[in-house]
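**Q** need a 3D model of the sequence below.
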Amino acid sequence: MVAPPSPYEVRIRIICTSLCQSDITFWKLKVPPACFPRILGHEAVGVVESVGENVEEVAEGDVVIPTFLSDCGECADCCSQKSNLCSKFPFKVHPWMPRYGTSRFTDLKGEVLYHFLFVSSFSEYTVVDITHVVKIDPAIPPNRACLFGCCVATGVGAACKTANVESGSTVVIFGLGSIGLAVAKGARLCGANRIIGVDVNPEKFEIGKKFGVTEFINSKDCGNKSLSQVISEMTGGGADYCFECVGLASLVQEAYASCRKGWGKTIVLGVDKPGTQLNFSSFEVLHSGKILTGSLFGGVKAKSDLPVLIKRYMDKELQLDEFVTHEVRFEDINKAFELLMEGKCIRCVIWMDK
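**A** So this is what the prediction gives:
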C-alpha cells in the first residue's frame, strides 16, 4: 500500500524506471545502510497523481522526474551556484521520507516497507518530497526522460559542470558503464580532443566509440607497467581530467596518479562500499598540485540544471538513444537485473504499464 502524500509531498504514478548499478550495490549490501524490506529504484519518470498540503510548484497530471538529491531552494547551498548539496535535506541512504522520518509504504499486513534514496521507483506509485521533484515537458519520451534521474545528469554533469572540461583537453574515463559513457557524452559536448576509455572488457571500446570515446586501454593488458604509467606515456605526462566511474578505492588512486601535475583534476563518481578508505601521500598531494573531488549527481542542481540538460536533448544536441539497449515490463524486472549484472546492457528501461 502507498499512503497519500503528507504536507510538502507528492504521490507519483511511475510511467517507467531504469536500473542503475547503485540499485544492485544496495540490493546486495549486507551491512548498514542496508535494510530490508526496501523498495529500490531511483531513476524514473512519472505523473503526479496527488499532492499534499503546501505543494504549489506541481499539480495533478504534471509529468515529473523524482531526484535522489534535494533542491530546497532555501538553504545557503541551494541558493549558491557552487554546490548542489542541500543542507536542509542532506543526502543520505535513508529508509524514510526526508521531512518526517516515516515511510509511505506498507505491505498487505500493514508492515513497513523502507524507502530508497528518497525515490523508490520500483513501485507503481511512490511518494516523494517536493524538494526532490522536477516538472518536465510531457513531450519528452518517458524512456529517455527517466535517464535524467541519475545516469545522464551524473555523467554529463560531471564533465560539463564539476570538471568544466576545456575544449581541446584530454580526458580519461575509468569504467565504461552507463555513467562513464555519459561522461564521454559530456566531454564531447565540451569539446575534449582525446577521450580515453579504460575498462577490463575490450568490447566496451566499440560501444564507447558511439559515445565519443576516441581511444581505449584494457587495464588487464598493461604488462609490467601500472595503469597510470601507461596513461602518462600516452598523454605526455598525464590527462587533464580523470573520471573514476567504477567505485573502487584502488582505481581512484590510479586515476589521481594518471592526471597531470599542476592542473590535473580527478573526479570521483563511482559508489564504493561504505567505510572504504583512500590512501594518499601527503608529500604527493602537496607537490603535485592536483585536484581530487567527488561529484554527486554530477554537481547538477535538480530544479535549475536538469531543465537545461533536457533542453539540450530536445534540441538534439545531446543524444540519448544509445543508452537504452533493452526495455522490459515491470513483471520482468528480474531480467533487467540479470542483464546489468552480466554486463549485457547499458540501460534497461522498465515499463510499468506495457
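**Q** where do the helices sit along the stretch 101-250 of the chain?
**A** 142-145, 151-157, 178-190, 204-209, 227-235, 249-258 (DSSP state H, counting those that start in this stretch).
**Q** redo the ones you listed as JSON lines? Include mean neighbour count and mean pLDDT.
**A** Every C-beta, even on glycine, is put in place using the N, C-alpha and C of the backbone. Putting those into JSON lines (neighbours: other C-beta atoms under 10 Å; pLDDT from 0 to 100) gives the following:
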{"stretch": "helix 142-145", "mean neighbour count": "22", "mean pLDDT": "98"}
{"stretch": "helix 151-157", "mean neighbour count": "28", "mean pLDDT": "98"}
{"stretch": "helix 178-190", "mean neighbour count": "27", "mean pLDDT": "98"}
{"stretch": "helix 204-209", "mean neighbour count": "17", "mean pLDDT": "96"}
{"stretch": "helix 227-235", "mean neighbour count": "18", "mean pLDDT": "97"}
{"stretch": "helix 249-258", "mean neighbour count": "22", "mean pLDDT": "97"}
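**Q** closest to E331 out of the ones you listed?
**A** Proximity to E331 (C-beta to C-beta) singles out helix 142-145 among those, at 17.1 Å.
**Q** show me what that closest one is packed up against.
**A** Counting contacts by 3 or more C-beta pairs under 8 Å, 6 or more residues apart in numbering; DSSP states H and E, helix 142-145 is packed against strand 9-18, strand 324-329.
**Q** mind checking how far S304 is from T131?
**A** According to C-beta to C-beta, to the nearest Å, S304 and T131 sit 13 Å apart.
**Q** what touches both of these two?
**A** Residues touching both S304 and T131 by C-beta atoms under 8 Å, 6 or more residues apart in numbering: D71.
**Q** of the two, who's got more company?
**A** Shown here are S304 and T131; by other C-beta atoms under 10 Å, T131 has more neighbours (23 against 14).
**Q** got the angle for the lowest-mean-pLDDT helix or strand in the chain vs helix 178-190?
**A** For the chain, counting by mean pLDDT, DSSP states H and E, helix 21-28 ranks last in confidence among helices and strands (a mean of 92). Counting by axes from the mean of the first three to the mean of the last three C-alpha atoms, to 10 degrees, helix 21-28 lies at 160 degrees to helix 178-190.
**Q** other SSEs contacting helix 21-28?
**A** Judged by 3+ C-beta pairs under 8 Å, 6+ apart, helix 21-28 is in contact with helix 333-341.
**Q** let's see the helix it packs on as CSV, backbone CA atoms only.
**A** Taking C-alpha atoms only, helix 333-341 is exported to CSV below (Å, rounded to 0.1, in the frame of the first residue of the first chain):
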residue,chain,number,x,y,z
ILE,A,333,12.3,-6.7,-13.7
ASN,A,334,14.4,-9.7,-12.7
LYS,A,335,15.5,-9.9,-16.3
ALA,A,336,16.8,-6.3,-16.1
PHE,A,337,18.9,-7.2,-13.1
GLU,A,338,20.3,-10.2,-14.9
LEU,A,339,21.2,-8.1,-18.0
LEU,A,340,23.0,-5.5,-16.0
MET,A,341,24.9,-7.9,-13.7
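**Q** what is the rounded mean pLDDT of it?
**A** For helix 333-341, the mean pLDDT works out to 96.
**Q** again, but for stretch 81-101
**A** 96.
**Q** contact partners of it?
**A** Here stretch 81-101 makes contact (C-beta under 8 Å, 6+ apart) with 6, 8-9, 26, 33, 35, 38, 68-72, 74-78, 102-104, 114-118, 127, 129, 131-132, 296-297, 299-302, 305.
**Q** off-centre distance for it?
**A** The chain centroid and the centroid of stretch 81-101 are separated by 16 Å, computed with C-alpha atoms, centre = their mean, to the nearest Å.
**Q** list the buried residues in it.
**A** By neighbour count with 16 or more other C-beta atoms under 10 Å, stretch 81-101 contains the buried residues 84-86, 88-89, 91, 93-95, 97-99.
**Q** could you find the closest non-adjacent residue to the residue nearest the centre of the chain?
**A** By C-alpha atoms, centre = their mean, the mean C-alpha position of the chain lies nearest to C150, the distance being 3.5 Å. Distances taken as C-beta to C-beta, 6 or more residues apart in numbering place E43 nearest to C150, at 4.2 Å, with adjacent residues excluded.
**Q** cool, thanks, talk later.
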